[in-house]
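Chemist: Have a look; sequence and predicted model below, questions after that.
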Amino acid sequence: MNSLFCRHNRFTADCPICSKGTVLETKHSSTSGARKPAKPKAAPAEKGFRGPYSSAGPYEREAGEVTVRLEKVPGGVRLAEWGGGKPAPRAPVLPAGDLRALVLEALDRELFGERDADALRDALAAEPDPQVSDAGPDGVGSSAPARPWGASGGRAGDMLDQLRVEALEAGDLRVARWIQRPRAEWELVDAPPMLPGVRYAVALADASARGLI
């Protein structure tokens with residue numbers, strides 16, 4: 001049986017000499033050893049888009065200042081308002097002149113492939129055409145009054161969609177997707193559009209022909 005006290009007049013468990021090599025050594029080291037300070041956790045990286053983009057703004061919104069970015073993203077091109085380091089969950093709005101400048105900056109930075117870039121340059125060079133028709137593959141009839149937006153039409157099964165560059169008050173333009181389900185009215189998709197570059201080119205060309213940009 002082990003003695004409570006060792007030959008060094010200490011508790012055997014507290015003596016670094018006599019407890020060495022015994023089951024008491026682990027107990028000694030665990031009770032008397034100082035805890036290592038915990039390493040501070042690394043701060044999370046700031047979230048945000050880091051790919052190529054052009055920007056316009058800033059503009060005042062109810063929640064604060066935003067900029068509008070035309071961004072090259074996987075799967076297409078996104079046009080979005082950015083504030084607080086993230087895209088806002090609504091369709092972007094900006095002055096007509098700023099939209100043109102935004103696209104020109106994106107072309108200068110070579111954000112698009114050659115085909116899309118050529119289509120966008122042609123779109124910005126389009127002259128207003130008083131004879132422009134409202135008929136198109138999206139089913140809009142020419143007998144209706146001239147519409148205050150340029151559009152590029154698409155289809156997903158039975159659902160139609162348009163990318164619209166539409167005139168708002170005070171010379172602003174909203175760039176947004178609209179969809180029409182079977183036997184339903186057109187409805188706004190109030191979110192940043194993300195589509196192939198050619199869809200933007202067609203919508204901008206139509207908007208230019210209508211004198212919107």
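Modeler: Cool, the structure landed.

Chemist: In the protein, what residue spans correspond to strands?
Modeler: 53-61, 64-73, 76-83, 86-87, 93-95, 149-156, 159-167, 172-180, 187-189, 194-195 (DSSP state E).

Chemist: These into TSV, with extra columns for distance to A207, mean neighbour count and mean pLDDT?
Modeler: From N, CA and C alone the C-beta is placed, and that goes for glycine too. Shown next, in TSV, are those (distance: least, CB to CB, whole Å; neighbours: other CB atoms under 10 Å; pLDDT from 0 to 100):
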stretch	distance to A207	mean neighbour count	mean pLDDT
strand 53-61	16	16	95
strand 64-73	15	19	95
strand 76-83	13	21	95
strand 86-87	23	16	93
strand 93-95	13	19	97
strand 149-156	3	19	93
strand 159-167	4	22	96
strand 172-180	8	20	97
strand 187-189	17	13	97
strand 194-195	15	18	95
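
Chemist: and the ones you listed as CSV, adding distance to L111?
Modeler: Putting the strands of the chain into CSV (distance: least, CB to CB, whole Å) gives the following:
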stretch, distance to L111
strand 53-61, 7
strand 64-73, 5
strand 76-83, 8
strand 86-87, 17
strand 93-95, 17
strand 149-156, 18
strand 159-167, 17
strand 172-180, 16
strand 187-189, 23
strand 194-195, 14
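
Chemist: mind checking which of those is nearest E110?
Modeler: strand 64-73 (9.7 Å; CB to CB).

Chemist: Show me what that closest one is packed up against.
Modeler: Strand 64-73 sits against strand 53-61, strand 76-83, helix 96-108, with contacts defined as 3 or more CB pairs under 8 Å, 6 or more residues apart in numbering; DSSP states H and E.

Chemist: Sheet partners, orientation included, of it?
Modeler: strand 53-61 (antiparallel), strand 76-83 (antiparallel) (DSSP bridges).

Chemist: residues in contact with that strand?
Modeler: 49, 51-59, 77-84, 87-88, 92, 94, 98, 102-103, 105-106, 111-112, 194 (CB atoms under 8 Å, 6 or more residues apart in numbering).

Chemist: And for stretch 164-173?
Modeler: Outside stretch 164-173, the residues that reach it (CB under 8 Å, 6+ apart) are 93-96, 99, 148-151, 174-178, 203-204, 206-207, 212-213.

Chemist: what's the answer for stretch 81-91, then?
Modeler: Applying CB under 8 Å, 6+ apart, the external contacts of stretch 81-91 come out as 46-49, 55, 59, 61, 63-69, 78, 80, 92-93, 174-177, 188-193.

Chemist: May I have it exported as CSV, CA atoms only?
Modeler: In CSV, the C-alpha atoms belonging to stretch 81-91 read as follows (Å, rounded to 0.1, in the frame of the first residue of the first chain):
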residue,chain,number,x,y,z
GLU,A,81,-28.4,46.8,-56.4
TRP,A,82,-25.7,46.2,-53.8
GLY,A,83,-25.7,47.6,-50.2
GLY,A,84,-24.1,46.4,-47.0
GLY,A,85,-21.9,44.0,-48.9
LYS,A,86,-24.6,41.9,-50.5
PRO,A,87,-27.2,42.2,-53.4
ALA,A,88,-30.5,43.6,-52.5
PRO,A,89,-33.5,41.3,-53.1
ARG,A,90,-35.3,43.6,-55.6
ALA,A,91,-35.0,44.6,-59.2
